Structure formats: structure tokens, C-alpha cells
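**Student:** Here's a sequence, model it:
(4 chains, ligands or ions: 4)
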Amino acid sequence: MKTKFDFSRIMKSKITWAVIAELMILLVCLIIRPEFFQISYQESTGMLYGSLIDILNRSSEITIIALGMTLVIALAGTDLSVGALVALSGAMALKLMRWDMSEFPTAGDYSITPMFWVILVALGICALFGSFNGLMIARFGMQPIIATLVLMVAGRGVAQIITNGRQMTTNFAAFKFISQGSVLFLPMPIIITVVIFILMSLLTRKTAFGMFVESVGINPNASRVSGLRSSLIIFTAYLITGLLSGVSGLIYASRIGQNDSNNAGINYELDAILAVVIGGTSMSGGKFSLTGTVIGSIIIRTIITFVYYFGVAAEATMVFRALIVVVVIVLQSEPVREFMGKRRTMRKVAMGGELHG
Amino acid sequence: ADDALTVAFSQIGQESDWRTANTDDVCKAIQDAGWNLVYDDAQQKQENQVKALRNFITQGVDYIVFTAIVTTGWDEVLKEVQEAEIPLVLIDRFPETSFADDSWYTTYFGGDFPEEGARAARWIVNYFKSIGRGDEEINIVRLEGTTGADAQVGRSKGFDEEIAKTPNFKIVASQTGNFTGAEGQAVMESFLKSVSKIDVLWAENDNMALGAIEAIKAAGLQPGKDIIIVGCDAVKLAFEAIVNGEMNCTVECTPLMGNRVVEVIKGLEAGETFDKVVHPVEYVYDFVGGIPYTADGAAVTELASEHIAERLY
Amino acid sequence: MPDKRILEMKGIEIQFPGVKALDKVDFDLIAGEVHALLGENGAGKSTLIKCLTGVHHMDKGQILYDGKEITPTSPQAAIAMGISTVFQEINLCQNLTVAENIFVGRQPMKRGKRIDWKAINRRAEELLLRFNIHIDVTRPLDYYSTGIQQMVSIARAVDVRAKILILDEPTSSLDEKEVERLFDVMRDLKKTGMGIIFITHFLDQVFAISDRMTVLRNGHLVGNFLTDQISKIELVRQMIGKDMDVIFALKRPTVAEGAPETLKVENLGIAGRVENVSFSLRKGELIGFAGLLGSGRTETAEMVFGVTRADHGAIEINEKPARIRIPVDAIQHKMAFCPEDRKRDGIIGDLSVRENIALVVQSRRGALKPMSPKEQLDLADKYITMLGIATPDADKKVGELSGGNQQKVILARWMATQPEILILDEPTRGIDVGAKAEIQRLMLELCGQGVSVLFISSELDEILRCSNRVIVMRDRCKAGELPGETSRQEDILQVIAEGSSLEEDA
Amino acid sequence: MADKRIRIKRQSLTNRIFNPKHVMVYATIGVFLLIYLFGALMYGDKGFTTIRTFLNMFIDNAYFGISAVGMTMVLITGGIDLSVAAVASLTGMFIAYGNSVLGMDPFLCIAIAMVVGVGLGALMGAMIHYLNVPPFITTLAGMFLARGACSLISRESIAINNAAFDALAGWKIYIMKLVDGEWVKVKPIAFVNFNVMLFLAMILIGAYLLKSTRLGRNVYAIGGNEQSAKLMFLPVAKTKIFVYAFNGFCSVLMGVSYALYVKSGWNLALQGGELEVIASAVIGGTLLTGGVGNMLGTLFGVMLKSIIPALITFAGNLLSWWGKIATGLLLLLFIGIQRIVVTYSARRKGSCR
Ligand SMILES: Nc1ncnc2c1ncn2[C@@H]1O[C@H](COP(=O)(O)OP(=O)(O)OP(=O)(O)O)[C@@H](O)[C@H]1O
Ligand SMILES: Nc1ncnc2c1ncn2[C@@H]1O[C@H](COP(=O)(O)OP(=O)(O)OP(=O)(O)O)[C@@H](O)[C@H]1O
Ligand SMILES: [Mg+2]
Ligand SMILES: [Mg+2]
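**Tutor:** Ligands and ions are numbered 1, 2, ... in the order given. Predicted structure coming up:
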């Protein structure tokens, strides 16, 4: 019974619509220019090369953040500070790394060579700020939008202070490896994303953490009475999101080999939230889907790549995005799915009636 | 408490290191001159800048130094500045107004954006001539700045007009990279896949050029060789790239405007008048050197390597 | 015939995913009668009401109102036609004042342009006086207890002067005095020719007020009876479809001589809220908490379980001092707590029955030792059969179950932890007779197995039937303690009445 | 009956005054006064205390304030609207493009913008209500749509040059004072313009709607508990759609007001303005969870929100990023105060019977 292929269940799943939307966009690409799907092996870099790889590669910054954001949203919260933390993480990393720039001595130039420290400190500071958000929300009961707004506003300022408002560059190979390196013929960002996805899946599905998050997201009071330490769970979710923003920030900084406190992570909060919602997790908290989030993020990046590749005016991205969002969201919405479900059962009932009559 | 002049400076924001250098230079020059400085950073928002200007009037400052974030929308507030009889010194960007005459500002000092675009175009054409490919079909891709920004509009226009003179040089793709490295990189990635042959990349600022270099490397091509790269602004990072052979040329757009501001204000205090529009002397930097590129000789090509040490931004 | 049928519902069918909630149900209502709608939990009573008021849309069927066919499309349309409803769950806005809750949407206007706030407050006060409630109507609703809130929502429904008044379990959080007041009002309304549909699980109340009754079972119509022509026993049989003698066979637990004290509470309290509550509970003992609404029983239970933190007093568990600040501490001490407000503090609506039942067991194990879905399913199935939870399968969302079955799920959740001390706050509220007896039986069975039970209920006979000892609360203090075996209802009422000046004035 | 009524004691006046709902507004006003005092002490000599500085708070923020009126209502229903600034920008673009490029009458352009803005608002409201899509996402899509449309119209800023429009933008009432029997403009020049009037009018209209109409009370009820509101037979759909449509109306007015302020249209105008608007309302005591908020609070929220940048400009601070951090800290401080006030009043509530 259980192994039976349950078509109606699949149709009801929110992820299904996200996948269909993604396939539709790709179909359009296929019709316009089949080369879009070309993937080749690049000798010099030892990587696979093609637009599809680009989409995966470039979506990684948002995907990684959105994975954390999924937990936050499942807890009926939001984190607006992720973009600022992306900038912060890059700033911190570059501050520690001016080592290969020594031929241009600048006052205050110093280096902590091992990558270990660079990563640890950059991620550490982001985790710290993430836990600041967590503390505000879990311990002091602030509204998430407001609590994270504080860091959204101030975070970039802190990044500027760390770097004294300067952009610094690095060609440190180990750091560049984060974005330009490759493992298994795939660019590192994709590998990092996959690893984080697996870790997050393990965390949420192989432990009871996922169920706890859903429980607290749906009914915090009842969860408390049931012995869940909801503040700890909420705190953890924001901490993870902060940490993952840091990872995303390192990838960003590594890509351009610079810190960029002004532009790094701009609007990432919106994209990450969008990815989560397109992926079928409700903003009012509760059931969540990490897979859906990944698909949501890929959809967003596909649209952007589409625009670049086909030379559409960049201004149109916004309109495109809006339309895709509307379509996906409408298809996912409760009433529409109910309506479709009802029609299906009605048809079934009608057919059954005929058979019997 | 003191009778030193109070000079107010309304800056756009801190969107790039170029801008930071500009801010630092102007602020430092004003303070070094012994005047009181009132500085305001508009954080990329026109409304903040209008507020700041009105606030300067309230504070009764003696001079206002002003960089307009966007060309239009200043009539009302500039009228108020005029009404308050505070002399206005424009730098970097020039606001359009509907005033009958040009008595509303004292002088403008800033880059000539169309000329910068034209210089890039001239350098490209000359370069290909110098290596004997002047008559080949040359494909150019362009990374535009933030759409609608003064610098983007000017540089695009100047480049278009100049390059049109040599029909075998063609712009085959053009897309905005919003003046940022990350977007320059992403757009370049797409160019590399959607355009079959790219000879030249013209990036309307150095940040985008630097981002694009990473994308070119990832595609297994050699930046600076397989694709000739021309940037704009002449920041230190671009010099380094040129010296490393990963970039070929950058057209200067200097952020150093402090000295001129001080000079103007001192002059105004002494009752002098100034030309309404003055452009700084700027260069084109490359590694080849020695290629004459201007018809009028107003600026000459300099070797990037010789200027690295003195670049602070 | 003088009877004027104001409402006829014929062949109503409603399908929810997985359940046929109503199947060819007929119902009718005569002007000036109180018509009780009865049935076990999940029988479809609330659904029928929601169908009539346009909250749910029926798949098939016909509704005649005053002889004309109607299709209620929205609650607003229903109210416009003169059908006024008090729903099962209290549905008021906590952020508005009492007066506003009564009048929102139909405020008296001054010269047609501005809301007349003075009139609202005055009329709200007058209206509540009909129910003998003297409160400050300008305070926000959440200032008052559940009972008062329930009365406010009834007042709102009554004030509409509709032709049909529907009361879906209005008495579940009212005490006896308040129920009496409500009945007085209902009798008044009857005289004006209003037809009243009354849903309740209290059979005594059914016989006290109703003229006629309709019984549903599993979404089917069982029958239609005149109140004075059916006996209680017969009615119960109709409702649950089999004879009921369990209720009368319940035996209170016997506590072994010298059984150890599992829980001892001394001078526990929160300044200004509940003061100085002391009692002790022995292994296998059941003590009942009686008292009027708002007498502080729930607060006491919540303090003992750490839901609210007590600011003075001490708790001893198994004769060792215990520090209980949050529910986690209590759970560590093998306590369990079924809260009073199951919607707010009980169910996790969007999670499945399986996950809801496994929740506390899981939380006690900690996140790192997860139960496999198989384990969860076994656990859930065990309790679904044991408690007779009506659900198609363990993966149905709890939010989609009927109220009574939700209550059973919560009970299952706690029984699964095998507690030593079980606190039940109104576990039988809003539960049908069959299930109620079932829950009482379970409770006593647990006592037999050595679990100590603290049982809060507003039904005195229930308390008296089950408890070894009865603790009476009044004005948020412990007022007295009575032996369960020998006391009568009057004794409890006596304790409550003595010095209860606040209630005397009212 | 009458004597019975007398026996009911209503809460005392102090009790009503210290109602937690109001206390938030007091906190806003208090913090505002505190900052004003601070500014006066620090920069009084630079002109912080002049009438001009005070009026500037209105003149420079009227457009945000106008939008905050609609936003307050949306927030009270428990929703949020991220599209306001984009719609305002689109309005400005309509006026600029219509007038300067197509040669249309600017007031006709405003009328068209009204239809578009109110229509988009109503559409979003309907989507939020009927399809149950979270407001954050719906209005985010609305924002993308409006910004995108704006950029598609023109990528460059366009000046508005129209005599009637200029006249409206330039209309001012100067503050005068009597010097030697003659009325002269005060120095530095201070005035009130059309935007300020519009802002104050909208606040009054908003306050009237919320306080004295059924619709306004329904807004509170929906924010308190939407499910309950439905079961209390309130017209939830109509109310929600109205609120978003009204907010669309306010957004268009913000666009008009901003166009009057800068006399141009720009696709990037007011970027991030939605956050400023939301922050103003929230600082004014509106809860994002819905059900609580009022116009007086919003008025002071706008003023408080505007006094901070003014102060920063007066400080003439070199490091702009310190400004960001200062704003962040101030926000934090303010939330902290609100939080303490709320917990305090909750405790008080528990202790009095
Ligand atoms: N929204 C819903 N979705 C799915 N199923 C539902 C929904 N509402 C009710 N049901 C199902 O319909 C059936 C009838 O429920 P209803 O609430 O009418 O019972 P009831 O007679 O009012 O019970 P109780 O006395 O416990 O309140 C139940 O089996 C319930 O699970
Ligand atoms: N007459 C009243 N006036 C104001 N507030 C009241 C009144 N009665 C009760 N309350 C509030 O309602 C709560 C009722 O206390 P509690 O729930 O512990 O009582 P209970 O005996 O369990 O009654 P219930 O049957 O409602 O559960 C208290 O916290 C109190 O603040
Ligand atoms: Mg029911
Ligand atoms: Mg209780």
C-alpha cells in the first residue's frame, strides 16, 4: 500500500510547483537557445563549465543563507540581518589576510596566515552576531523583524569600522580556493552548498531538532508546556543563520578577492526569504522543507542568469521575478491547492458513481 | 566660538573605494585649511541629501560643497540655498536645474565622463592598430555602471560616439554590472557563454573589470591576453592588475578634488570669480606606454607601474 | 400546528479530506424552542453549525430558512439573515475592550458619522447586567477570565436580536451560577419566539433547558427526540450506539496505608495572583480541585508544573526538595500536565497525531536521540487504540480532529511518558459522555498503577465520584480540604460560599 | 437599574492613561523630547532650536509620514506592505515621464497613478486575503513589479517642469515675526508647505478612520485575531482589501509629495523607503503582530525618526558608518524601552484585580 505511487499527494506537495516553475523557465531557455544547456570540461581549471553550472555556482550564496533562513521562518521569524553579516564576514576575513599585499605597505598591515584563523574568526563573529539576534528574540521576546533590523542597519557600519572603510584585496590562493577551487570537477561553492545541505538535513531530520522547530513554530505555548526549550531552539536557529551568512560572505569575498562592505550581500535577505517561501515553507511558521528552499534559490538565480545570458535589460529582472513569484505563490496557496484537490476528488467521485451506476 | 569659515560637504555615500578616497581627500583638505567642516553622508539617497542641504542652511554654514547623487530634482532646495545666499561649489557630478542663468553655483570641478568613455575607445583602437590588428573585426563587450548614473550615461555615450568612427570595432553585448565587482563577475560569466568571440572588455569602472578578470580566468582564458581589458577610474588595484598583466588599461577619473575646493573657496573669499566648468587633468594608464591617444594632447598615457607607489586609493 | 418551522436543513453532506463529516443529515428548528444538538466528539455538530453559518460550504443538501431556500455564503450573510452564533472556541479579540467586543461591526453611530463610544460602553454594561455580570467594560478583554469572556461572547450573540441563536458548547467554561444565568436569558429569549440551537455535553443541562434534541453519530443522523419522552440512559445509548454502564461502575482509587508522599506543595504562590497554596499528594492518590471560575486552580497547576514561575513557596517531590522553574524541570521529575486551554497550550495543530503523541517523549530524550518514524508510529498507534482516538490514520493533522479527540491526543502524549504525577486541568471539558467516562476510567486506572493524579474540574459530581480528597479553592487561596468519600456537593458549596463576599454582591 | 449601574467601577483615569497601549506612545514622545533636549543643549548655538529645524522635520519627512498613515493601518491588521516606496517612485515616474516626455497634464498623470496604485493595493489585498499568501511575499512581489515597471519606463531621472506643478511645489507660508512694527521672515527662513499640510491632513483622516468608523475598528479586530473577526461576522475581506487599497492610495500620495519635494521622477527614488516608513510606524508604538497602534504614535514616530539624522548632520560627523551604528543602537534602545514598558504593564495587570 505504502509503496504505491501517490499522484495526488505529489500534486499537493508545494515543492512540486516550485520544480514545475523551474522546469518551465529552463524550457523557455531551451527553446530560445539550446546552447544554454551546454556543459563542457574545462582543462585549465579542471572544472565543468556551462551556464547550468553557473546557476548552481552563483546560487550558492543565497542557498546557504536560505537554508538557515528556513529554520528561522519555520519558527515564524525572519532574519533581515543576513545581508549585513555577509559584508561583515568578508570584511573580517580580509582584515586578517592582508598578508600577500606586503609589497604595498600600508599602515596597519598585518597578517594571520593560516586559513584556519581567517575562517574561524570570520565565521565566529557572524555566529556571534547571529546569537545576538537569537538572544534578542528568544530571551527578550522581541519581534524578529525589529530585532534583526538593528543589525541590518548597524552591521554594515561595523564592517566599515573593521576595515576602516577601505576595500582590500587578496590573491591568497587558499582563500581564493573557496570560490575558484574545484572538487570532483565542480566549483567549490557548489560543493560547500551540498555539504551544508547534507549537514542541515542531518541536523533536522536525523535528530529531532526539525520536529522541535516545527513544533515551536506552530505553537510556542504548547511546545513550552511539552517541555521543549523553545528559547534555546529559537536561539540556535538564529545562530545557525548567522553562521551560514558568514559562510556565504566568505564565498562572496573570495569570488571578488575583496571585501566590499557597501555592496556585499545587498538584498540577500529578501532573496533568501523569497527562496524559502517559493520552496514551500510558510511565513507563519511550521512545516519546512530544505529541498524546497534549494529549489527556490535556484529558481531565483535561473531568472537572473537568464536575463544576463539573453541580454534582457536588467531592469526587467525585477518584473520577471515578480511574475514568477506571483505564479509560484498562487499555485502553492492553500485555496488554489484545495480547489484543485477538490476538483480531482470530485472527478473521482463522479467516475466512481458512473462505474457503480 | 571662532571666526573660522564653516564649510559643509554633502557627499552621496560610500558606495566604492573611489568614493571613499574622494570623501577623504575633500574632508582632509577642508580641515587642513583650518576651517570647520560639516560633513553629511546621504547613504545613496536623494532625500537624505536634500535634507542635509536644508540642514546646512539652518546651521548657517558659509560654503556648501555638493556632489549630486542624481541629475534632477534639486530645483527647490537649490532655490533655498540661493535664497540663503550661501555660495555653492559643485564637484564630481553636475545637477541639472531649470534656473534661468548659471549664477546659482560658483564653479563645477569634476571628471568629463563622455571624454573618459571616448578615451577608452581611442585607447582600444590605437592598441589594436599598434599590434597590427587595426583592420580586423574586433568584438567588444561592455559592463555598464549603475543604470542612469551620471558616470554610466556619460561614459557609455562618449564610448559609443568614439567607437562608431571605426566600424570594425563592434559592441556585441552590453549589460549593467552596477559598478560592483560581484555583478561584473556574474555578467562576464554569462557573456563568456553567450558571446562566441570576445576580444575586448570595456568596464565602466575598475571594480567590475577586476570581477570580470576572475570570471575570465574561470573560463580558462587569460585575462589581458585572450581578452583585452580596459577599466575606468585608475584605482590602485587596477594598477596592480595591469602590472601583473591581467588588465591592459585604465582611464583615470580622479577622486582628488580637495585642493581645488580649497583653492576655490580661498579665491571666493578674496572676491575672485572662476570658470563655471573645470575638468581635472587626467591620464590614461597602461603597461605598454608610449601610445599617443589624444588628438589634442590634453592628457597623455602614463605607465601604471610608475604610479603604483603614490596611489593611496 | 402552532409550530412555525424557521429552519429546515435537508440531506446535508460535507466531505473533508479523509472524513465524511456529515452524511445526509436532516435538522429542523421551530420558533421559540431550545433544540439540543447532541453527539459524541467528532459526530459533526460543529460542522453542521458551520455549514449553516457559511463557514464551511456543504457539498450537497438544502437549507430552508423561513420556508425559503438559502445558501449561506459567508458568516456576514448569515448574520444579515438573522442567524447569530457563539462558536465552540471563544472567538473574540483580546486587544479590544469588553464593550467593543460586544459591538464591533455594529457600533451605534453618532449622527451617522462617528462611533458613539459613550453609548457603546453604556449599552455593554446594561447588557452584561442581564447576565448579572458587573465588570468594567472599558478594560481590554484579556484582562478577564475565560468564563467572563465566554459570557461576553454570548452577550454579543444575544444582543443581535436574531431569529436563530446558535450556542456551540457555551457552558463549557461557565460555573453553575453562570449557567443558571445563561438559562434565564435563554428562557427570556425563547418567549420572544427565537429558536435556539444548543450544543453541549452536559446531559443535565440538556434536560434542564431543551425542548427537543437531535442526535448525530459519526456524521449520520440518529434521531430526533422530545426531551420529555426520553430518559438519560436511553439518550446516552443513542449517542454512543451502545449501552453505558461504565460510568456507574467507577471506583475511586484506594491509597495504600503509608503510601509515600510523591508531591508536597508548601505555601506556593505568586504575589497578588495565587497565595499560599499547600497540599500533598500520595502515591496512587487522586485529589480533586474544586472551585468557582477564576478561583486559581489553573494558576496553581501551572505553578506546580513550572508554566508560570512561583515567587515563593516550596515543592517537594518524592520527599526531596525540587526546583521547578520551567516545564522541562517538571517533566524531569516525571510530572505530566494536560492544560486547560488545549488550543493555546495543548495541540500543535499542523503536526500529525503521531508527532503530537511522540512530542514529550522525544523532548525528554533530547533532540539528539530521535525516535524513528516507526517508533513514533508504534507509540501513536498504541494510544490511538487505547484511547479510541477517532482518526483515519496517525498521520492526520491534529488540527483537523474534533475537539474531544484533540483532548485525547494530548492525554496520550502525556501517558506515553509514563508519569508518576499527572495534573489534569479540566480534561473532560467539551468531551462527550462516552469519552468522559473513558477518561475518568483511565485516570482511575492510572491511579491504580501508582500514578498520583491532581484533577481539576468544574463538575462537582465528577470530582466527588473520583477523588480521595477534595481541595476547594476560593479567591485564589486554598479555602479548605474535604475527604472525597464522605463529602457531598453541598459541603463543597458550603466551603466556597463561606466568606465569598465577591460572589455574594454580584 | 440605574443605581445598579452606578455601582460598577470603571478603571480609574490614571489606569486608563497608563494603559500599555498608550504608554508606548508616551515612550515615543518622551524619547523624542529627550533627544530634542539633547540636541538643544549640544547644538543650540548652531541653530538646532530654531523654528526652521523644527519645521524641517515635517517638510523633509512629510512624504514618509503620509505613507506611514496607510502603513499603520496595514500593520494594525497584522500585515505589512513592502511596495509603498516602489509605488511612490512609480508615481513620480508617471508624473515626470507623462509630463516631460509625453506632454500630459501632471494632474492627469496623478489620476492615472491613483488608479494604478490603488488597484495594485487592492489586488495585493485580495491576494493576501483570498489566496492566503503572506503579506511579506505578496507585497515584495508588488515592490519588484512597481520598481521594474519604473525602470522600464526610464532608466534616467527626469525633471518635471510644469507651471502648475511648480506653483504647488513652491507654495509656502513663511513664518514671520514682528520687527519694529513690520512683518519680516524669521532667520533662518522657516515655512510650511503643501506637503506638510497634506501630511497633517492625512494623519487626521487616518485617526478619524481608525477611531471613529466601523471600518477602523474592524481593522483592530482583524489584527487582534483574524479568525475571531471572521466568526464575529465582520467583513474581513472587504476591510483587508480596503486597507491595502488605502495604503496604495497613501503610497501614491507619498509619490506625489516626493515629486513636489524634488520635482523629478527617478527609478531609484526612495529606495529602501519602505523600511523607513515601517520603522516610523513601529517606533510610534504600532506592533508588527497587529492589533495595536494609533496615529498620534505614528506622528511622533515620524518626528523621532527624523530628528536622528538631523542630529547626526548637526554633529557633522565624518564617519558615516558611525551614523549607521548610532541609528542601529538607537533603534535597539528604543525597542528596549518599549519592551520594558510592555512587561512592566503586563506585570501591573496581573497584580491588580
Ligand atoms: N477543517 C477540517 N478539516 C478536516 N476535517 C475536519 C475539519 N473540521 C472538522 N473535521 C472533521 O469533521 C468531523 C466532525 O467534526 P466536528 O468538529 O463537527 O465534531 P463535533 O461534533 O463538533 O465534536 P466536538 O464535540 O468534539 O466538538 C471530525 O471527524 C473532524 O475530524
Ligand atoms: N473576577 C475576575 N476579575 C478579573 N480577573 C479575573 C477574575 N476571575 C479570574 N480572573 C483572572 O483569570 C484567571 C483565573 O484563574 P485560574 O484560571 O487559575 O482559575 P480557575 O479556577 O482555573 O478557573 P477556570 O475555571 O477559569 O480555569 C486569573 O489569572 C485571574 O487573573
Ligand atoms: Mg464541536
Ligand atoms: Mg482553570
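
**Student:** Of all residues in the stretch 101-250 of chain D, which one is closest to ligand 1?
**Tutor:** Closest residue of the stretch 101-250 of chain D to ligand 1, C-beta to the nearest ligand atom: residue D:227 (12.1 Å). No exception for glycine: its C-beta is placed from N, CA and C like everyone else's.

**Student:** Can you report phi and psi for that residue?
**Tutor:** phi -60, psi -50 (degrees, to the nearest 10).

**Student:** any idea how far it is from residue D:236?
**Tutor:** Distance check for residue D:227 against residue D:236: by C-beta to C-beta, to the nearest Å, it reads 9 Å.

**Student:** Which pLDDT does the model give the residue of the stretch 101-250 of chain D closest to ligand 1?
**Tutor:** pLDDT for residue D:227: 85.

**Student:** what sits against it?
**Tutor:** Neighbour list for residue D:227: residue C:91 [criterion: C-beta atoms under 8 Å, 6 or more residues apart in numbering or on different chains].

**Student:** Next: residue B:245.
**Tutor:** Neighbouring residues of residue B:245 by C-beta under 8 Å, 6+ apart: B:224, B:225, B:287.

**Student:** try residue D:170
**Tutor:** Contacts of residue D:170 (C-beta under 8 Å, 6+ apart): B:76, B:79.

**Student:** how near is it to ligand 2?
**Tutor:** Going from residue D:170 to ligand 2 by C-beta to the nearest ligand atom, to the nearest Å gives 59 Å.

**Student:** With residue B:211 instead?
**Tutor:** Going from residue B:211 to ligand 2 by C-beta to the nearest ligand atom gives 62 Å.

**Student:** That residue reaches residue B:178, doesn't it?
**Tutor:** No - using C-beta atoms under 8 Å, residue B:211 is not in contact with residue B:178; the gap is 10.6 Å.

**Student:** quick one, which of these two is more surrounded?
**Tutor:** residue B:211 (28 against 23; other C-beta atoms under 10 Å in any protein chain shown).

**Student:** where are the low-confidence patches of the stretch 151-300 of chain A?
**Tutor:** Applying pLDDT under 70 to the stretch 151-300 of chain A flags no residue at all.

**Student:** same deal with chain D?
**Tutor:** For chain D, applying pLDDT under 70 flags the ranges D:1-22, D:316-321, D:323, D:338, D:341-353.

**Student:** can you tell me which residue is nearest the centre of it?
**Tutor:** What sits nearest the mean C-alpha location of chain D, by C-alpha atoms, centre = their mean, is residue D:68, with 1.7 Å.

**Student:** One more: chain B?
**Tutor:** Nearest to the mean C-alpha position of chain B, counting by C-alpha atoms, centre = their mean, stands residue B:253 at 4.5 Å.

**Student:** Neighbours of the closest residue to it other than its chain neighbours, how many?
**Tutor:** Spatial nearest neighbour of residue B:253, excluding adjacent residues (C-beta to C-beta, 6 or more residues apart in numbering or on different chains): residue B:111 at 4.5 Å. By the criterion of other C-beta under 10 Å, residue B:111 has 25 neighbours.

**Student:** Looks like the residue nearest to the centre of chain B contacts residue B:282 (just checking).
**Tutor:** Yes - the pair residue B:253 and residue B:282 qualifies as a contact (C-beta under 8 Å) at a distance of 6.6 Å.

**Student:** Send me stretch B:176-194 as CSV with only the CA atoms.
**Tutor:** Extracted in CSV, the C-alpha atoms of stretch B:176-194 (Å, rounded to 0.1, in the frame of the first residue of the first chain):
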residue,chain,number,x,y,z
THR,B,176,24.8,46.6,-16.3
GLY,B,177,27.2,45.4,-13.6
ASN,B,178,26.1,48.1,-11.2
PHE,B,179,29.6,49.3,-10.6
THR,B,180,30.3,46.3,-8.4
GLY,B,181,32.9,43.5,-8.6
ALA,B,182,30.5,40.7,-7.9
GLU,B,183,28.0,41.7,-10.5
GLY,B,184,30.7,42.4,-13.0
GLN,B,185,31.9,38.9,-12.5
ALA,B,186,28.5,37.3,-12.8
VAL,B,187,27.6,39.2,-16.0
MET,B,188,31.0,38.4,-17.5
GLU,B,189,30.4,34.7,-16.9
SER,B,190,27.3,35.0,-19.0
PHE,B,191,29.0,37.0,-21.7
LEU,B,192,31.6,34.3,-22.0
LYS,B,193,28.9,31.7,-22.7
SER,B,194,26.5,33.7,-24.8
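
**Student:** anything in it near chain D?
**Tutor:** No - shown here: stretch B:176-194 not in contact with chain D (C-beta under 8 Å from any C-beta of the partner chain), separated by at least 9.0 Å.

**Student:** From the chain's centroid, how far away is that stretch?
**Tutor:** 20 Å (C-alpha atoms, centre = their mean, to the nearest Å).

**Student:** again, but for stretch C:251-266
**Tutor:** Per C-alpha atoms, centre = their mean, the centroid offset for stretch C:251-266 relative to its chain is 28 Å.

**Student:** Could you pull out the helices in the stretch 51-200 of chain A for me?
**Tutor:** Assigned by DSSP state H, counting those that start in this stretch, the helices in the stretch 51-200 of chain A fall at A:51-74, A:82-95, A:115-134, A:144-162, A:173-180, A:188-201.

**Student:** Mind listing what's buried along the fourth one?
**Tutor:** Residues of helix A:144-162 classed as buried by neighbour count (16 or more other C-beta atoms under 10 Å in any protein chain shown): A:144-162.

**Student:** who does the residue in the stretch 101-250 of chain C that chain B sits nearest to bridge with?
**Tutor:** Relative to chain B, the nearest point of the stretch 101-250 of chain C is residue C:114 (36.2 Å; C-beta to the nearest C-beta). Beta-bridge partners for residue C:114, by DSSP bridges, are residue C:110.

**Student:** Run a quick neighbour tally on it.
**Tutor:** 13.

**Student:** Who are the contact partners of it?
**Tutor:** So residue C:114 contacts D:208, D:212, D:213 (C-beta under 8 Å, 6+ apart).
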